[in-house]
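Chemist: Sequence and predicted structure below; questions after.
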Amino acid sequence: MVQAKPEDTEAVAALLVHTAEWLLSRGSSQWNGLLTGEDSHNTAGAILNGDVFVCKSGTDIAGMVILLRQPSAWDRRLWESKAYDGDGALYLHRLAISRKYASTGLGNSILKWCKDGIRFEGKDKIRLDCIADNAALNTFYSKNGYAHLGENSGFCIYEKDLHP
């Protein structure tokens with residue numbers, strides 16, 4: 001995993017759109033905004049801020065993740081009173097795997113890297129959310145050690161401690 005560079009922006013955007021198309025083909029409206037040009041996580045800006053990390057295979061971006069050191073407006077709404085700037089949490093968004101690298105364990109590896117492969121001063125937990133009606137995704141996060149803390153507005157919220 002490496003920090004995405006501005007020259008990765010187009011490939012990262014393409015990966016996200018392809019992932020949204022794949023989700024739609026499976027009957028999920030998750031990430032549909034990406035298909036109409038809406039990027040609620042401002043991925044290009046997140047790349048410039050150093051919040052996007054990619055896994056490359058040669059020149060291909062095999063997978064990516066956004067790790068926000070400060071909660072976004074979305075995180076603040078979803079996590080209600082728990083999300084504030086000094087809360088010690090990283091906020092994980094847009095874990096995406098290229099279909100070319102699907103079923104290889106890359107998603108598990110990226111989550112492991114988020115916990116063990118990088119450190120951010122003052123951060124002791126990772127928080128994430130996913131749509132509540134995606135059983136496979138909820139199972140994926142649970143199997144990777146994320147504690148289900150409940151639901152808010154149709155989304156399940158998860159947290160994992162970063163302590164070794």
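Modeler: Sure, I can see it. Numbers count the residues shown, from 1 in each chain.
Chemist: Name the helix or strand of the protein that has the lowest mean pLDDT.
Modeler: Counting by mean pLDDT, DSSP states H and E, the chain has its least confident helix or strand at helix 73-78, which shows a mean of 90.
Chemist: who's in contact with that helix?
Modeler: S40, H41, L68, A83, Y84, Y91, R127, D129, N152, S153, F155, I157 (C-beta atoms under 8 Å, 6 or more residues apart in numbering). C-beta here means a position set from N, CA and C on the backbone, and glycine is covered the same way.
Chemist: now swap in stretch 16-28 and tell me
Modeler: 29-35, 39, 43, 64, 94, 96-99, 131, 134.
Chemist: For the most centrally placed residue in the chain, pull up the helix or strand it's in.
Modeler: Centroid-nearest residue in the chain, with C-alpha atoms, centre = their mean: H93, separated by 2.5 Å. H93 belongs to strand 89-97 when assigned by DSSP states H and E.
Chemist: go on, V65?
Modeler: strand 60-68.
Chemist: returning to that earlier point: the contacts of helix 73-78 in strands, which ones?
Modeler: Applying DSSP state E to the contacts of helix 73-78, the entries found in strands are L68, Y91, R127, D129, N152, F155, I157.
Chemist: now, the most widely separated pair of those residues?
Modeler: Across the ones in strands among the contacts of helix 73-78, the longest distance by C-beta to C-beta is 17.5 Å; it joins L68 and N152.
Chemist: Looking at these two, which one has more neighbours?
Modeler: Each of L68 and N152 has its neighbours counted (other C-beta atoms under 10 Å); L68 has more, 19 against 14.
Chemist: Could you list everything the more buried one pairs with in the sheet?
Modeler: Using DSSP bridges, the bridge partners assigned to L68 are Y91.
Chemist: So it sits against R94, correct?
Modeler: No - L68 lies out of contact with R94 (C-beta atoms under 8 Å); the separation is 10.2 Å.
Chemist: ok, K160 - contacts?
Modeler: Applying C-beta under 8 Å, 6+ apart, we find K160 in contact with K115, K125, I126, N144, G145, Y146, A147.
Chemist: tell me the SS of the closest residue to the fifth one other than its chain neighbours?
Modeler: The spatially closest residue to G145, leaving aside those adjacent along the chain, is K160, at 5.6 Å (C-beta to C-beta, 6 or more residues apart in numbering). Assigned state for K160: strand (three-state reduction, DSSP: H, G, I helix; E, B strand; the rest coil).
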